[in-house]
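K.L.:
got a sequence here, can you build the structure:
(2 chains)
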2 protein chains.
Amino acid sequence: MKKQLGPSDAIFPVPAALIVSGTDEDANIITLAWVGIASSTPPTIGISIRQSRYSLELIRNTGEFSVNFPDASIFKEVDYCGITTGRRRNKFKDTGFTPLASKKIKSPIIKECPYNIECRVSQEIIIGDYVHILGEILESHVDGDKADKSKRAGFDLLKINPLVYFAEAREYWTVGEKLGYGFSAGKAIKEKSKNR
Amino acid sequence: MKKQLGPSDAIFPVPAALIVSGTDEDANIITLAWVGIASSTPPTIGISIRQSRYSLELIRNTGEFSVNFPDASIFKEVDYCGITTGRRRNKFKDTGFTPLASKKIKSPIIKECPYNIECRVSQEIIIGDYVHILGEILESHVDGDKADKSKRAGFDLLKINPLVYFAEAREYWTVGEKLGYGFSAGKAIKEKSKNR
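P.N.:
Modelled structure (predicted):
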């Protein structure tokens, strides 16, 4: 039996991604769970941010932002960037994170995050108290020691130890074991179905 | 040192969510990784789907869809629904999934998925080969034996065993261990920073 919980924004899993806005002088970090791919062609990300947040002002100033994907080892710093406002604190200094120059945008990326993307705003949609920002992905970066040409994504997830978040439950998790491969695990059912 | 991988749609983790479109008569399932929350007020989800997919026609017919979040035990069925077209196959029959009537929309939910949401399309944005569909979340459902009023989300993630996907790597994973809590894990840094 199903139990109804009403309208809810609980979905899982989601990233706990660090969005960097601003320039070298005023770079700020915000943690967002409302992050998803909006298109593969051209690669476009959708992030959603409360209208009241300082990062929104900075993103609107430059029309650019980076999204930085943390590993599990820095989940406390990730959480800190979500519960502190950049209006009053320098979160790079407070966390010890290192800003690195991006290749195609003015906002830096975060060295301590193993995977990073550079984005340029292509569209803004206001939904209630939130702004849904679509950003074209212009460049991506991975730590050199985690890069692996033999992997489809160009890097080895096992070496990254990704951080997994469950927003509504407010829980940070690691990943466990690999179950199988996409575009492959379902083939047995496909074969069986053909003969049905 | 960072290595550049070019523009890419690799982000992690993402859900491997089962979107049900159509009505009792023509209900279809598609697996999508491009799923994220677009707003919390009102709760709104963003899903992105290739313009050529059959599910897009069905969603446009009714303006409604459900999103069903699988547990790790059914990852093969999840994969099957991503590599098969509903133009030629009945994926409910092929997977053995059971359609259950929704409360507020015409598209059914999937019984075998522990968590389900009902959505009504509020906006459509075309981005290259994809359509980014925003859907207001009208209702959510959890398996009765996984509901837990003491949990913030209204259910116990440990009982759900969520499926985690890494789209660009095409890998299905389980979750591992809980590291800590959001809006809490970062408090020690906050205290330390105050005195800096």
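K.L.:
just give me the neighbour total for whichever residue of chain A sits closest to chain B.
P.N.:
Proximity to chain B, evaluated over chain A using C-beta to the nearest C-beta, is greatest for A:Gly36 at 2.2 Å. In short, each C-beta sits where N, CA and C put it, glycine included. The tally of other residues near A:Gly36 (other C-beta atoms under 10 Å in any protein chain shown) stands at 27.
K.L.:
how about it, nearest residue that isn't a chain neighbour?
P.N.:
Leaving aside its sequence neighbours, A:Gly36 sits nearest to B:Gly36 (C-beta to C-beta, 6 or more residues apart in numbering or on different chains; 2.2 Å).
K.L.:
quick one: list the elements packing against the helix or strand harbouring the one you found.
P.N.:
For B:Gly36, the host element (DSSP states H and E) is strand B:35-40. Packing partners of strand B:35-40 (3 or more C-beta pairs under 8 Å, 6 or more residues apart in numbering or on different chains; DSSP states H and E): strand A:35-40, strand A:43-50, strand A:115-127, strand A:130-143, strand B:43-50.
K.L.:
contacts for it?
P.N.:
A:9, A:11, A:14, A:33-37, A:46, A:48, A:125, A:127-130, A:132, A:167, B:14-15, B:17, B:43-48, B:67, B:134 (C-beta atoms under 8 Å, 6 or more residues apart in numbering or on different chains).
K.L.:
partner strands of that strand and their direction?
P.N.:
Here strand B:35-40 is paired, per DSSP bridges, with strand B:43-50 (antiparallel).
K.L.:
so what's A:Leu100 up against?
P.N.:
Going by C-beta under 8 Å, 6+ apart, A:Leu100 touches A:108-111, B:2.
K.L.:
any chance of a markdown table for those, columns distance to B:Gly176?
P.N.:
Output for the contacts of A:Leu100, formatted as a markdown table (distance: C-beta to C-beta, whole Å):
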| residue | distance to B:Gly176 |
| --- | --- |
| A:Pro108 | 30 |
| A:Ile109 | 26 |
| A:Ile110 | 23 |
| A:Lys111 | 25 |
| B:Lys2 | 26 |
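K.L.:
which among the residues you listed gets closest to A:Lys146?
P.N.:
Comparing these against A:Lys146 with C-beta to C-beta picks out B:Lys2 as the nearest, at 10.0 Å.
K.L.:
please look at the closest one and A:Tyr115 and confirm they touch.
P.N.:
No - assessed by C-beta atoms under 8 Å, B:Lys2 is found out of contact with A:Tyr115, at 9.5 Å.
K.L.:
could you pull out the strands for chain A?
P.N.:
A:2-4, A:17-21, A:28-32, A:35-40, A:43-50, A:64-69, A:99-100, A:109-110, A:115-127, A:130-143, A:164-166, A:171-181 (DSSP state E).
K.L.:
low pLDDT regions in chain A?
P.N.:
For chain A, no stretch has pLDDT under 70.
K.L.:
stretch A:95-115: which residues count as buried?
P.N.:
For stretch A:95-115, the neighbour count (16 or more other C-beta atoms under 10 Å in any protein chain shown) marks A:95, A:97, A:99-100, A:102, A:105-115 as buried.
K.L.:
and those, which two are furthest apart?
P.N.:
Using C-beta to C-beta, the pair of the buried residues of stretch A:95-115 lying farthest apart is A:Lys106 and A:Pro114, separated by 22.3 Å.
K.L.:
thought A:Pro23 was touching A:Lys106?
P.N.:
Actually, residue A:23 is Thr. It isn't Pro. Yes - under the criterion of C-beta under 8 Å, A:Thr23 makes contact with A:Lys106 at 4.7 Å.
K.L.:
what is in contact with those two at once?
P.N.:
A:Thr62.
K.L.:
please name the bridge partners of the residue nearest to A:Gly36.
P.N.:
For B:Gly36, the beta-bridge partners under DSSP bridges are B:Gly46.
K.L.:
and it, how close does it get to A:Ala17?
P.N.:
Here B:Gly36 is placed at a distance of 10 Å from A:Ala17 (C-beta to C-beta, to the nearest Å).
K.L.:
equivalent analysis for A:Lys192, please.
P.N.:
For A:Lys192, the distance to A:Ala17 equals 39 Å [C-beta to C-beta].
K.L.:
give me the more crowded residue out of those two.
P.N.:
Taking neighbours as other C-beta under 10 Å, A:Lys192 and A:Ala17 compare with A:Ala17 leading, 27 against 11.
K.L.:
give me the neighbour count for the closest residue to that one other than its chain neighbours.
P.N.:
Residue nearest to A:Ala17 in three dimensions, not counting chain neighbours: A:Val35, with 4.7 Å by C-beta to C-beta, 6+ apart. A:Val35 has 23 neighbours, counted by other C-beta under 10 Å.
K.L.:
A:Val35 and A:Asp71, how far apart?
P.N.:
Counting by C-beta to C-beta, the gap from A:Val35 to A:Asp71 is 16 Å.
K.L.:
right, is stretch A:142-160 up against chain B?
P.N.:
Yes - using C-beta under 8 Å from any C-beta of the partner chain, stretch A:142-160 reaches chain B at A:142-144, A:147, A:151-155, A:157.
K.L.:
okay, those in JSON lines with neighbour count next?
P.N.:
Listed next are the residues of stretch A:142-160 next to chain B as JSON lines, based on neighbours: other C-beta atoms under 10 Å in any protein chain shown:
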{"residue": "A:Val142", "neighbour count": "25"}
{"residue": "A:Asp143", "neighbour count": "19"}
{"residue": "A:Gly144", "neighbour count": "10"}
{"residue": "A:Ala147", "neighbour count": "19"}
{"residue": "A:Lys151", "neighbour count": "17"}
{"residue": "A:Arg152", "neighbour count": "15"}
{"residue": "A:Ala153", "neighbour count": "23"}
{"residue": "A:Gly154", "neighbour count": "21"}
{"residue": "A:Phe155", "neighbour count": "26"}
{"residue": "A:Leu157", "neighbour count": "23"}
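K.L.:
looking at the residues you listed, which is nearest A:Phe183?
P.N.:
Nearest member of these to A:Phe183, counting by C-beta to C-beta, is A:Arg152, at 10.1 Å.
K.L.:
so the closest one is in contact with B:Ala10, correct?
P.N.:
No - between A:Arg152 and B:Ala10 there is no contact under C-beta under 8 Å: 9.1 Å.
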